[in-house]
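Undergrad: Next one to model:
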Amino acid sequence: MGRNLNKRIMVALDVKGREDALVLANALQGSGCWLKVGMELYAYAGPAMIRELRALGFPIFLDLKLHDIPTTVERAIRGFVQAGVDMINVHCSGGYEMMARAASAVREEGDKLQVVPKVIGVTVLTSMSEHQFKEEMGVQRKLQEHVVALARLAEKAGLDGVVASAQEASEIRRNTAQDFLIVTPGIRPAWSEADDQMRVLTPHEALAAGSSYLVVGRPITRAENPREALERLWLT
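TA: Got it, this is the predicted structure:
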């Protein structure tokens, strides 16, 4: 059971370089999980890191949250697809045209490689609370309403799914197609600390809410035994 469930886990390699990333990758090899390469690791190791991790047998989610004018995002995303990623994301707040052109570019480049990655949109960061969303960002509608509206816009633009808190997952699931992906950060098993995440659920709660994939970082990557911590996710 654990290996099948592990296929829905994306371990966030939020480390400062190739060596640290490979230590974690080697510890997790064969577990069935994904690896997430975010801005921190990408800044230190670049596209070569993606190829090296894929060579170890991992599917890769490149989490750079692209957000720029449509032409810039379209051109950049073509290069990222060529690096061999399996999933990539943009910010939904970039708007319909930016998302639509990103989705089109991913599929065009993927067709050339005969492997088309998934492209998803970031709704609202899971580090943001309802209070921050309203008071700091000045958005008047409720956070959940905003997330669902962005998810529906992403689906209309041709994206394969969104990144959203598990707390919004069930509502997104009710308002989008059955195969629309929901990638959920901020996952914390009962035995771990929330750290800087605000809108969190346990792995089992997130799956029950409708999440497709769960992003887990520090509870695994900072554990003395990362492989054991990965397996422990399903015991709570």
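
Undergrad: next structured bit after the helix or strand of the chain with the lowest mean pLDDT?
TA: Within the chain, no helix or strand scores below helix 2-6, which has a mean of 75 by mean pLDDT, DSSP states H and E. Counting by DSSP states H and E, the next helix or strand C-terminal to helix 2-6 is strand 9-12.

Undergrad: Toward the C-terminus from that following strand, list the very next helix or strand.
TA: That would be, after strand 9-12 and using DSSP H and E, helix 18-28.

Undergrad: Dump the following helix or strand past that following helix to PDB, restricted to CA.
TA: Using DSSP H and E, the helix or strand that follows helix 18-28 towards the C-terminus is strand 34-38. Provided in PDB are the C-alpha atoms of strand 34-38 (Å, rounded to 0.1, in the frame of the first residue of the first chain):
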ATOM      1  CA  TRP A  34       8.100  12.400  -7.100                       C
ATOM      2  CA  LEU A  35      10.700  15.000  -6.400                       C
ATOM      3  CA  LYS A  36       9.900  18.700  -6.500                       C
ATOM      4  CA  VAL A  37      12.700  21.100  -7.600                       C
ATOM      5  CA  GLY A  38      11.900  24.600  -6.400                       C
END
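
Undergrad: chain center to strand 34-38: distance?
TA: Centroid displacement of strand 34-38 relative to its chain, using C-alpha atoms, centre = their mean, to the nearest Å, is 8 Å.

Undergrad: Can you name the residues in contact with it?
TA: 7, 9-14, 25, 28, 49-50, 53, 58-64, 86-87, 213, 215, 217 (C-beta atoms under 8 Å, 6 or more residues apart in numbering). In short, each C-beta sits where N, CA and C put it, glycine included.

Undergrad: Between helix 18-28 and that strand, find me the angle.
TA: Taking axes from the mean of the first three to the mean of the last three C-alpha atoms, to 10 degrees, strand 34-38 and helix 18-28 form an angle of 160 degrees between their directions.

Undergrad: ok, now which ones touch residue 163?
TA: Contacts of residue 163 (C-beta under 8 Å, 6+ apart): 89, 120-123, 183-185.

Undergrad: Could you check how far it is from residue 89?
TA: Distance, residue 163 to residue 89, using C-beta to C-beta, to the nearest Å: 6 Å.

Undergrad: just to revisit the earlier point, among the contacts of strand 34-38, name the buried ones.
TA: The neighbour-count criterion (16 or more other C-beta atoms under 10 Å) marks 9-14, 25, 28, 49-50, 53, 58-64, 86-87, 213, 215, 217 among the contacts of strand 34-38 as buried.

Undergrad: measure residue 231 to residue 75 for me?
TA: 41 Å.

Undergrad: and those two? which has more neighbours close in?
TA: The neighbour comparison of residue 231 against residue 75 (other C-beta atoms under 10 Å) goes to residue 231, with 16 against 12.

Undergrad: hmm, who's touching the longest strand belonging to the chain?
TA: Counting residues, the longest strand found in the chain (DSSP state E) is strand 60-66. Defining contact as C-beta under 8 Å, 6+ apart, one finds that strand 60-66 is touched by 10, 12, 34-39, 42, 50, 53-54, 73, 76-77, 80, 83-91, 94, 102, 122, 183, 213, 215.

Undergrad: Tell me what angle it forms with strand 34-38.
TA: Going by the same axes, to 10 degrees, strand 60-66 makes 30 degrees with strand 34-38.
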